[in-house]
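Trainee: Sequence first, then the predicted structure:
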Amino acid sequence: SEDLEIANVGELKPGIFAKENIQHLHIVGTMNTSDRSVTPMDLAMRRRFKFVRNEPFGGTDIDTHLSGLRKEDKECFLTLNKELLNLGADYQIGHSYLFDLVENGKPKSENERRDVWQYSILPNVIDSLMMTDEFQNKELLKSLNASIDELKLNLSIPKPVGDRNAMLFVQNKNSSEDINNPNTVVNLLKKHQNVVLEGVPGTGKTFLKDKVKEVWGEKEVEVKIMTFHPSTSYEDFIGGLLPKDKDGELIFDYRKGFLYKWAMKAVENSNKDYLLFIDEINRGNIPKIMGETLTLIEKSKRTEIIESDWDKSVQDAKWKITLNNGEELILPKNLYILATLNTSDRSVISMDSALRRRFAYYRMETLISETHRQRLLKELKVETSALVEISALLDKLIKVNHELLKLGRDGLLGHSYVFGFAQDKYANENEFFQLTILPQIADILNSTVPNGLETICKSLNKIIGSSTHELYHDNEDIVFVKKKGGA
């Protein structure tokens, strides 16, 4: 804050922890109370701090600080938080999202407003619900949807499908034909800076990256790709001391990571846009990898670049962090982050609430459905001679997905598998099911462990009708692919 006087370290008296020095040292921290996935403060640490609780805005606060907010947005926010308060104070949503609904004291356009509710506010309401046992409470969802209906944005949170591992999602009743749209993703990136493409495997999340680049707009965009995995570290992403050979002697040298290098390049080439594409973001330990840059990636903490000069931009920046090598890092506004997240994998790390609120979430849907059948056939570019065979295969897969939908939307098959078949990568349909579809279904069933596994396997085997292989359910409730007639 400009009201605080910052002492020069050089002016401190000898002995940095001497009483006369540390009496001027004040520590202020922030803590997200809704996150159950992060390390709590123990009692010994807690008793050394004073705690001031920040509450979400009430009606008077909104009128004071957000005079341009639409009445229906205000009322919906207050009603949603009233319902969430019944689950516990820590399940409410913060008011910072509301600032995205106004600009210069005036409400934003209807399209921008819908984007904020669909991709930011309501996904975080769902996060709060999913942390409780009430997310399948029909009366609660009915009440929440009654409030959402008052927005007149045709958005809703449908009741979850499936007996176990059921998930909630935001539904746009008008967007059935506007799915997997790169133009929508580009618009979200330019409004929010950070976007996550979420969905089941095979829905084209990684493929969409190239489409995003094609429709980016007037400015040239350069893309850098990295994949998160269990071994990805802070040093890989931000930077750190790494061993290096110098004249036969082992030394430790600071090496900049992906984000650090990309941020510097974006600052030094401010006439271009830069996109960091992170594949499988939730396969890494995200809080550990991102560290203190969690603050900087937020849209409001980005730096507007006036001159393409790193040192001057860092010096003039309002928001910057000091790294362990003593250098300062900023993130410019022409740097965007696009990540993918596999929603069907229960074995990977989930994104905590503090991180989720810094991203907009765009759901990638499977095209294996009756609704999107014609679009998929068009994208497959099937020759007329193969149309009958592909159509028959799609009939089966659509019926398979209809059956899998009973487990929840995260149990569906993605459409990318069909492209392999259309490109003659399999000898025949039996081989396609044996090597690709049946193993994928077995994984889905083993991870969701629904009731009535044996009945589900029989139903799916009947739909698929493979003459060589089938799904087999053993006595230990494990599903695997078995050759017909085999032991």
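Mentor: That came through, no problem. Numbering: from 1, shown residues only.
Trainee: Okay, now the unreliable bits of the stretch 201-350 of the chain?
Mentor: 346-350 (pLDDT under 70).
Trainee: Would you map the strands across it?
Mentor: 221-227, 239-246, 249-256, 273-279, 321-322, 328-329, 335-342 (DSSP state E, counting those that start in this stretch).
Trainee: tally of neighbours for Met31?
Mentor: Residues contacting Met31 under the criterion other C-beta atoms under 10 Å number 13. The way it works is simple: take the backbone N, C-alpha and C, and place the C-beta from them, glycine included.
Trainee: and of the strands of the stretch 201-350 of the chain, who's closest to Thr436?
Mentor: Checking these against Thr436 by C-beta to C-beta gives strand 335-342 as the closest, at 17.0 Å.
Trainee: Pairing partners for the closest one, with directions?
Mentor: Sheet pairing of strand 335-342 (DSSP bridges) gives strand 194-199 (parallel), strand 273-279 (parallel).
Trainee: From the chain's centroid, how far away is the first one?
Mentor: Centroid separation for strand 194-199 versus its chain: 4 Å, with C-alpha atoms, centre = their mean, to the nearest Å.
Trainee: and if you look at stretch 201-220?
Mentor: Put simply, stretch 201-220 sits 16 Å off its chain's centre (C-alpha atoms, centre = their mean).
Trainee: Ramachandran coordinates for Val215?
Mentor: phi -110, psi 20 (degrees, to the nearest 10).
Trainee: Give me the neighbour count for it.
Mentor: Neighbours of Val215 using other C-beta under 10 Å come to 13.
Trainee: do Ile289 as well
Mentor: Ile289 has 21 neighbouring residues, counting by other C-beta under 10 Å.
Trainee: shift numbering so it begins at 532
Mentor: I'll keep to 532 as the first residue from here, and by that count the last item is Ile820.
Trainee: ok, the nearest residue to it once chain neighbours are set aside - contacts?
Mentor: Using C-beta to C-beta, 6 or more residues apart in numbering and skipping residues adjacent in sequence, the residue nearest Ile820 is Phe768, 4.9 Å away. Residues in contact with Phe768, defined by C-beta atoms under 8 Å, 6 or more residues apart in numbering, are Met757, Gly788, Phe789, Leu790, Ile820, Met821, Gly822, Thr824.
Trainee: Cross these against helices and list the overlap.
Mentor: Per DSSP state H, helices hold the following members of the contacts of Phe768: Phe789, Leu790, Ile820, Met821, Thr824.
Trainee: Can you tell me the closest non-neighbouring residue to the fourth one?
Mentor: Which is Met821. Taking C-beta to C-beta, 6+ apart, and ignoring the residues beside it in sequence, Met821 has Phe768 as its nearest neighbour in space, at 6.6 Å.
Trainee: Could you check how far that neighbour is from Tyr893?
Mentor: Separation of Phe768 from Tyr893 (C-beta to C-beta, to the nearest Å): 22 Å.
Trainee: wait, isn't Ile593 in contact with Lys605?
Mentor: Yes. Using C-beta atoms under 8 Å as the test, Ile593 is close enough to Lys605 to be in contact (5.3 Å).
Trainee: anything in contact with each of the two?
Mentor: With C-beta under 8 Å, 6+ apart as the test, Ile593 and Lys605 both reach Leu629.
Trainee: Give me the number of neighbouring residues for the closest residue to Asn635 other than its chain neighbours.
Mentor: Nearest residue to Asn635 in three dimensions, chain neighbours excluded: Gly599, at 7.8 Å (C-beta to C-beta, 6+ apart). Neighbourhood size, Gly599 [other C-beta under 10 Å]: 12.
Trainee: same thing with Glu934?
Mentor: When neighbours are counted by other C-beta under 10 Å, Glu934 registers 15.
Trainee: rewinding a little: hey, which of the strands paired with strand 866-873 is tucked in deepest?
Mentor: strand 725-730 (a mean of 24; mean count of other C-beta atoms under 10 Å).
Trainee: Met662 and Tyr622: what is the separation?
Mentor: Taking C-beta to C-beta, one finds Met662 at 7 Å from Tyr622.
Trainee: Tell me how far Pro689 lies from Lys673.
Mentor: From Pro689 across to Lys673, the span is 11 Å (C-beta to C-beta).
Trainee: These two: who's more crowded?
Mentor: More neighbours surround Pro689 than the other of Pro689 and Lys673, with 13 against 10 (other C-beta under 10 Å).
Trainee: what helix or strand is that one on?
Mentor: Assigned by DSSP states H and E, Pro689 falls within no helix or strand.
Trainee: for it, what are its contacts?
Mentor: Applying C-beta under 8 Å, 6+ apart, we find Pro689 in contact with Leu699, Phe700, Gln702.
Trainee: Tell me who's in contact with the residue nearest the centre of the chain.
Mentor: Geometric centre of the chain, nearest residue: Val727, 3.7 Å, by C-alpha atoms, centre = their mean. Applying C-beta under 8 Å, 6+ apart to Val727 gives the contacts Ile812, Ala870, Thr871, Leu872, Met882, Phe890, Ala891, Tyr892, Tyr893.
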